[in-house]
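Next come a sequence and a model predicted from it.
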Amino acid sequence: MVNRMTDAAEIRSQINEAIKAAMKSKDKLRVSTLRLVTAAVKDRDIAARAEDRCEGIDAAEIMSLLAKMVKQRKESAKTYEDNGRPELAEREREEIEIIRDFMPKPLSDDEMKTVIANLVKDSGATCLKDMGKIMGKLKTGYAGRVDMGKAGAVVKDHLCNQAAS
């Protein structure tokens, strides 16, 4: 198993290298977006230190943070589109692509269903009361790779169908 500390440090290093490269190429949007990412990670690190986690947040928490940033930008892009500001919506979509460069490839719907079926089977989950347990495992094991909204519906459907069987 890969050391989580190394993973988080590696992600931070990749982001810092990308900032340097963007600065050299004078890509203002990429620089500003990556600085926002860095600031968000540092903010979470400070909160983690207050909880006696001196090393800061781990890789899974960074992936979760990146996924949250993507989700926020999707919502903002939709709002801008709805209000007749396509140029601002486009900027949000460009920021999404920059952030996604640091995220693992998302699971397809079929892969997500397979993962969920395996998690349910392995955990012995039998009813909707067990949904939180499955969602927790998805969040830690597949952070940034799964749309948690979609996953929640799939888990619920899977558990309901299993209970009906």
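Everything's here; your move.

T126: neighbouring residues, count only.
For T126, the neighbour count with other C-beta atoms under 10 Å is 11. (Glycine included, C-beta is placed from N, CA and C.)

Show residues contacting the helix or strand of the chain with the lowest mean pLDDT.
Here the helix or strand of the chain ranked lowest by mean pLDDT, DSSP states H and E is helix 148-164, holding a mean of 81. Under the criterion C-beta atoms under 8 Å, 6 or more residues apart in numbering, residues 67, 109, 112-113, 116-117, 120, 125-128, 130-131, 134-135, 138-139 lie in contact with helix 148-164.

Now it - C-alpha only, PDB.
What follows is helix 148-164 as a C-alpha-only set of coordinates in PDB (Å, rounded to 0.1, in the frame of the first residue of the first chain):
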ATOM      1  CA  MET A 148     -21.200  11.200  -4.700                       C
ATOM      2  CA  GLY A 149     -24.700  12.400  -5.700                       C
ATOM      3  CA  LYS A 150     -24.900   9.700  -8.400                       C
ATOM      4  CA  ALA A 151     -23.300   7.200  -6.100                       C
ATOM      5  CA  GLY A 152     -25.800   7.800  -3.300                       C
ATOM      6  CA  ALA A 153     -28.700   7.000  -5.700                       C
ATOM      7  CA  VAL A 154     -26.900   3.800  -6.900                       C
ATOM      8  CA  VAL A 155     -26.200   2.700  -3.300                       C
ATOM      9  CA  LYS A 156     -29.800   3.300  -2.300                       C
ATOM     10  CA  ASP A 157     -31.100   1.500  -5.300                       C
ATOM     11  CA  HIS A 158     -28.700  -1.400  -4.800                       C
ATOM     12  CA  LEU A 159     -29.600  -1.800  -1.100                       C
ATOM     13  CA  CYS A 160     -33.400  -1.500  -1.800                       C
ATOM     14  CA  ASN A 161     -33.200  -4.100  -4.500                       C
ATOM     15  CA  GLN A 162     -31.100  -6.400  -2.300                       C
ATOM     16  CA  ALA A 163     -33.700  -6.000   0.600                       C
ATOM     17  CA  ALA A 164     -36.500  -6.800  -1.800                       C
END
